[in-house]
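Peer 1: A predicted structure for the sequence below; I have some questions about it.
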Amino acid sequence: MLEKAKHWLVPSRRSDVPPFMVMDVMAAAARIEATGGRVVHMEVGQPAAPAPKTALSAARAALERPIAYTETLGVPSLRARIARHYAEVYNFSLDPSRIAVTTGSSAGFILAFLSLFEPDDRVALANPGYPPYRHILTALGCEPVLIETTAQTRWAMTGEALIAAHKKKPLKGLLVASPANPTGTMMEAGALANLIAVAEGEGIRVISDEIYHGLDYAFRAETAVKFSSNVLIINSFSKYFCMTGWRVGWMVVPEPLVRTVERLQQNLAISVPSLSQVAAEAAFEGRAEMEAVKHGYEENRRTLVEGLPKAGLDKFLPVDGAFYLYADVSRFSNDSLAFAKQMLEQAGVAATPGVDFDPVHGRDFLRFCYAGSAADMHEAVARIGKWLQKR
């Protein structure tokens, strides 16, 4: 029976997506640690700080009550609090009925893609970019279209580049992220507004990934919902609020798609874990604590921007926001996967190879996450410098 099953238990074609390599790096680092080795973790885009105390306190209190299903689109008080967040941070009045709470931003992307696109639809993505964008689109039968970014455009997509790709073969969608992963670069408000206007002028539907909002250093991040009521926004409590493992995010959904998203979530998830929603609502009251964490990221950013060039990595993209530095390692290697593996094994520093984010030029880059402790960042710079001197 088992031998027979080998012939018909064949993975579907849609499941044939590449691994999210950062998780493989994390597993390799864990194996080193399991044998007593010391690793400085800069591979996973995950805050080292815990959730705000307000969130933890609310979650503890909620454990005394039944943990049950909630409304599919989220607890009404949380949806209202998220809408209030837009008034407080962006000076924008948002109807809570347009908020959908999701199981992290990852579920938000699945809901967004299912709501907006049909199989074979072509969706534009900036390159380099977050790999699950293209992997999820591929699994859903859509075609991710990578649009190259350059230093001349500050590594952001432009309306001109979008139109050029659209003229070659029509696009149905555009996903834009600012601050971006893996680069940490940001789009100024005017550039973002122009890109959205160009896309919508061609009937291209726009999704804005805003999960790193709040973590902006070069200039203030602006939400795309201010530029169009047709943009679908995805955000999360994972990054600014340090709640990665709580798996709770949200969408701002264009009015005509609210019921569509609700029907999909009813069937795919029923609802988001209620304990996480309770904690997320309370997290908004812990902003002072989160701002202190953000200040720590700024110091870590300074440590890398000043220290890595002295260590030998002197070329990297603008470090505007999020908690990433995207460094050019072509001076030492044209195989970032091998380079990352050697750096992990020989220097004890874990970083993510650029091939995870860019199938075109990623062999020349590494992504460093600086969301760890200040001591770890100093140690990483010292270890990398010592290691590169021996190469």
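Peer 2: On my side now, so go ahead.

Peer 1: ok, the closest residue in space to residue 161 that isn't next to it in sequence - how many residues close by?
Peer 2: Excluding the flanking residues, the one nearest residue 161 by CB to CB, 6 or more residues apart in numbering is residue 147, at 5.1 Å. Just so you know, the C-beta spots here come from the backbone N, C-alpha and C atoms, and that holds for glycine as well. Close neighbours of residue 147, defined as other CB atoms under 10 Å, add up to 17.

Peer 1: ok, now residue 332?
Peer 2: 17.

Peer 1: do the same with the one 10 residues further on
Peer 2: A total of 15 residues lie near residue 342 under the criterion other CB under 10 Å.

Peer 1: what's the pLDDT at it?
Peer 2: Per-residue pLDDT puts residue 342 at 93.

Peer 1: okay, and for the stretch 1-150 of the chain, where does confidence drop off?
Peer 2: The model of the stretch 1-150 of the chain has pLDDT under 70 over residues 1-7.

Peer 1: report the contact partners of residue 227.
Peer 2: If you count contacts by CB atoms under 8 Å, 6 or more residues apart in numbering, residue 227 has them with 192, 193, 196, 197.

Peer 1: phi, psi of the closest residue to residue 216 other than its chain neighbours?
Peer 2: Nearest residue to residue 216, sequence neighbours excluded (CB to CB, 6+ apart): residue 321, at 4.2 Å. Torsion angles at residue 321 (phi, psi; degrees, to the nearest 10) stand at phi -160, psi -160.

Peer 1: how much space separates residue 321 from residue 338?
Peer 2: Going from residue 321 to residue 338 by CB to CB, to the nearest Å gives 30 Å.

Peer 1: between those two, tell me which one has more neighbours.
Peer 2: Remark: of residue 321 and residue 338, residue 321 carries more neighbours, 25 against 12, as counted by other CB under 10 Å.

Peer 1: that one contacts residue 221, doesn't it?
Peer 2: Yes - taking contacts as CB atoms under 8 Å, residue 321 lies within contact range of residue 221: 6.5 Å.

Peer 1: shared neighbours of these two, which are they?
Peer 2: In contact with both residue 321 and residue 221: 178, 179, 186, 212, using CB under 8 Å, 6+ apart.

Peer 1: ok, and the most crowded of the residues you listed?
Peer 2: In these, the most neighbours by other CB under 10 Å go to residue 186, 30 neighbours.

Peer 1: got the shared contacts of residue 321 and residue 221 as CSV, with distance to residue 94 columns?
Peer 2: Below are the shared contacts of residue 321 and residue 221 laid out as CSV (distance: CB to CB, whole Å):
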residue, distance to residue 94
178, 19
179, 21
186, 22
212, 19
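
Peer 1: buried set for stretch 167-185?
Peer 2: 171-185 (16 or more other CB atoms under 10 Å).

Peer 1: okay, and residue 170 sits in which element?
Peer 2: In the assignment (DSSP states H and E), residue 170 maps to no helix and no strand.

Peer 1: give me phi/psi at it?
Peer 2: Residue 170 adopts backbone torsions of phi -50, psi 140, taken as degrees, to the nearest 10.

Peer 1: again with the one 4 residues further on
Peer 2: Backbone dihedrals for residue 174, given as degrees, to the nearest 10, come out at phi -140, psi 130.

Peer 1: repeat for residue 133
Peer 2: phi -50, psi -60.

Peer 1: ok, now the one 4 residues further on?
Peer 2: In terms of degrees, to the nearest 10, the main-chain angles of residue 137 are phi -60, psi -40.

Peer 1: can you map out the strands along the stretch 101-250 of the chain?
Peer 2: 122-127, 143-148, 173-177, 205-209, 232-236, 249-252 (DSSP state E, counting those that start in this stretch).

Peer 1: rewinding a little: for residue 50, state which of the shared contacts of residue 321 and residue 221 is nearest.
Peer 2: residue 212 (18.8 Å; CB to CB).

Peer 1: any idea how far the closest one lies from residue 24?
Peer 2: Using CB to CB, residue 212 is found at 23 Å from residue 24.

Peer 1: do the same with residue 323
Peer 2: 21 Å.

Peer 1: can you pick out the residue with more neighbours from the two?
Peer 2: Legend: neighbour count by other CB under 10 Å for residue 323 and residue 24, higher for residue 323 (29 against 15).

Peer 1: would you turn the strands of the stretch 101-250 of the chain into TSV with distance to residue 28?
Peer 2: Below are the strands of the stretch 101-250 of the chain laid out as TSV (distance: least, CB to CB, whole Å):
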stretch	distance to residue 28
strand 122-127	26
strand 143-148	27
strand 173-177	27
strand 205-209	27
strand 232-236	26
strand 249-252	28
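
Peer 1: what about the helices in the stretch 51-200 of the chain?
Peer 2: 53-62, 76-90, 104-116, 131-139, 159-168, 189-201 (DSSP state H, counting those that start in this stretch).

Peer 1: between those helices, which one is closest to residue 284.
Peer 2: helix 76-90 (5.6 Å).
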